[in-house]
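# take this sequence and fold it.
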Amino acid sequence: MKRRTRIFLVMVILLLAAVSGYLALAFYYRGVFSLNTWINGVYCTGKSVEEVNSELLSFTEAPIITITDSTGQSYLLDLSQADYKGDYTESLEESLKEQNSFLWAGYFTAQRNTLAPAVSFDEEKLEKLWQELPFVRQELEREPGLSIERRDEGYTLIDGLSGRLDTQKAYQALLSVIKEGETQLSLGDADCYYALKKDEQDEQTLKLWKKIEQFQDCQITYDMGDEKILLDASITAGFLKTEYGLPVLDESGELVMEKEQVEAFIKELAGEYDTYGGERSFLSTRGDVVTIEGGTYGTQLDQKAEVEYLMESIPAGESCVHIPAYKRQGLHRGKDDIGDTYIEIDMTQQKMYYYEEGKLLLETEVVTGNLSRKWGTPEGVNYVYNKQRNRVLRGEGYASPVKYWMPVKGGIGIHDASWRTEFGGEIYKKNGSHGCINTPSQKMAELYEMVETGTPVVMFY
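Modelled structure (predicted):
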């Protein structure tokens, strides 16, 4: 009997101890977070609101808001620059109130919660950051209505009607995102855009723009040989007559072209690509680059014809690859119109070379004009403008029969000289020709068969 009583007393004592311990923990958890409580990844069991708040704030940084405009362009707004501060106290206290400390034993599985902080910031600084964002600044500077503007790429229509940003509505959307703890703001999804209606002035601007747009759609590509020049809107826009910065219309309502501007363009084009009579740099066979000026060979644009062509073709909306008209034209078009097939006459070394497609096919010594009698052969880039057999070359006091004759400039040409037995050296200084290029008979026969009329002849000292 006594044994049973002792067992009963022990059980009662253990039960009372357990109840006391449970109640003690229940009272303990009334002011701190209960067993297995996790908030935002922080283990909170036994911690007070102040302790958890401090720990959460230790790794909470001011968020960076990503704002996306209607074009898909994203911009970043760093809230740390607006003195952003977070405080979890209110939400932690609310969470603690919802906790039943007497049911702590039921929290053996993890209780994971996510809380957002109460936020505060300097609204003046935030608004300043907002107004400095590019899309906000652009909207504030944007003029309403339609306008036409000349830019490097030509005239363009500035649309001040559609896609207008309601900056106040957008700013309120930003405040909502911040207060809700979000970091993404799409201005399109937030319905922050609107459009203005066209007025009478806008209608007139639109009519003018359609004419300009059609004018600028003309794309003529000048084929200058190795180079192509596209006359796009960046160039043709400069051909339009303007008043107060805008193209003007004639009495029939059509755009007016400034002929002087077209002439200036063609003149500049000719200045860059005309080679006739100008200076050239030429890599000689002897290895140095020589500068040659003058001669009969070269390219010369027909400027008048080209001006007339553009004055007619651009308003007609023509788009094509155009080979310009020339007053003079060599075998090749472009800045390097000599090409790789030519005759080279080095009058200092008294040598003549013939290149065909870049390959040296003939080399010979020659005798050029007599320097002592001031009959020196003139420098220049010329061309073979004729070929004749068995001709008598006549001049003051002489008549010289030749078998092969290739004139290159006036009465100066390349021919055989059967009366000479020696060529090259310094013969030309005192016993040179009347200006022609005297060539050994055999070499002249070979050259005559290879060379075609029109072949460039590069002559220099």
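# what's the burial count for Asn390?
9 (other CB atoms under 10 Å). Glycine gets a C-beta too; all of them are placed from N, C-alpha and C.
# contacts only, for the closest residue to Asp87 other than its chain neighbours.
Closest residue to Asp87 apart from its sequence neighbours, by CB to CB, 6 or more residues apart in numbering: Ala118 at 5.0 Å. Ala118 makes contacts with 86-91, as judged by CB atoms under 8 Å, 6 or more residues apart in numbering.
# need these in JSON lines (columns: distance to Ala62 and pLDDT).
Shown next, in JSON lines, are these (distance: CB to CB, whole Å; pLDDT from 0 to 100):
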{"residue": "Gly86", "distance to Ala62": "8", "pLDDT": "88"}
{"residue": "Asp87", "distance to Ala62": "13", "pLDDT": "89"}
{"residue": "Tyr88", "distance to Ala62": "15", "pLDDT": "91"}
{"residue": "Thr89", "distance to Ala62": "18", "pLDDT": "90"}
{"residue": "Glu90", "distance to Ala62": "19", "pLDDT": "88"}
{"residue": "Ser91", "distance to Ala62": "18", "pLDDT": "85"}
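# closest one of these to Met450?
Among the contacts of Ala118, Gly86 lies closest to Met450 (CB to CB), at 90.4 Å.
# ok, the closest one touching Thr60?
Yes. Taking contacts as CB atoms under 8 Å, Gly86 lies within contact range of Thr60: 5.3 Å.
# who's more crowded, those two?
Applying other CB under 10 Å to Gly86 and Thr60 shows that Gly86 carries more neighbours, namely 19 against 16.
# the helix or strand harbouring that one packs against which elements?
Gly86 belongs to strand 85-87 when assigned by DSSP states H and E. Secondary-structure packing of strand 85-87 (3 or more CB pairs under 8 Å, 6 or more residues apart in numbering; DSSP states H and E): helix 49-58, strand 118-120.
# which one of these lies closest to Lys179?
Proximity to Lys179 (CB to CB) singles out strand 118-120 among those, at 6.3 Å.
# average pLDDT across that closest one?
Strand 118-120 carries an average pLDDT of 89.
# which neighbours do Gly86 and Thr60 share?
Taking CB under 8 Å, 6+ apart as the criterion, Gly86 and Thr60 both touch Pro117.
# picking that back up, columns distance to Met257 on top of the helices and strands packed on strand 85-87, output as CSV?
Below are the helices and strands packed on strand 85-87 laid out as CSV (distance: least, CB to CB, whole Å):
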stretch, distance to Met257
helix 49-58, 71
strand 118-120, 62
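# out of those, deepest packed?
When those are scored by mean count of other CB atoms under 10 Å, the highest mean neighbour count falls to helix 49-58 (a mean of 17).
# about what we covered before: buried ones among the contacts of Ala118?
86, 88-89, 91 (16 or more other CB atoms under 10 Å).
# ok, so of those, who is nearest Gln216?
The closest of these, once distances to Gln216 are taken by CB to CB, is Gly86, at 55.0 Å.
# show me what contacts the closest one?
57, 60, 62, 117-119.
# and it, how close does it get to Ala118?
7 Å (CB to CB, to the nearest Å).
# any low-confidence regions in the chain?
Scanning the chain for pLDDT under 70 picks out 1-29, 100-110.
# domain parsing for it?
Split into domains by automatic domain parsing, the chain comes to 1-26, 204-281+303-328, 342-460.
# could I get the ones you listed as JSON lines with distance to Lys335?
Output for the domains of the chain, formatted as JSON lines (distance: least, CB to CB, whole Å):
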{"stretch": "domain 1-26", "distance to Lys335": "95"}
{"stretch": "domain 204-281+303-328", "distance to Lys335": "6"}
{"stretch": "domain 342-460", "distance to Lys335": "13"}
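# tell me which of these is the most buried.
Compared across the domains of the chain, domain 342-460 shows the largest average neighbour count, a mean of 18 (mean count of other CB under 10 Å).
# run the chain-centre distance for that domain.
Centroid separation for domain 342-460 versus its chain: 51 Å, with CA atoms, centre = their mean, to the nearest Å.
# first-to-last residue distance for it?
14 Å (CA to CA, to the nearest Å).
# ok, and the closest non-adjacent residue to Asp83?
Distance criterion CB to CB, 6+ apart; nearest residue to Asp83, sequence neighbours excluded, is Asp122 at 4.3 Å.
# the stretch 101-250 of the chain: strands as residue ranges?
Using DSSP state E, counting those that start in this stretch, the strands found in the stretch 101-250 of the chain span residues 111-113, 118-120, 145-151, 154-160, 164-165, 184-186, 193-194, 220-223, 228-231, 242-243, 246-247.
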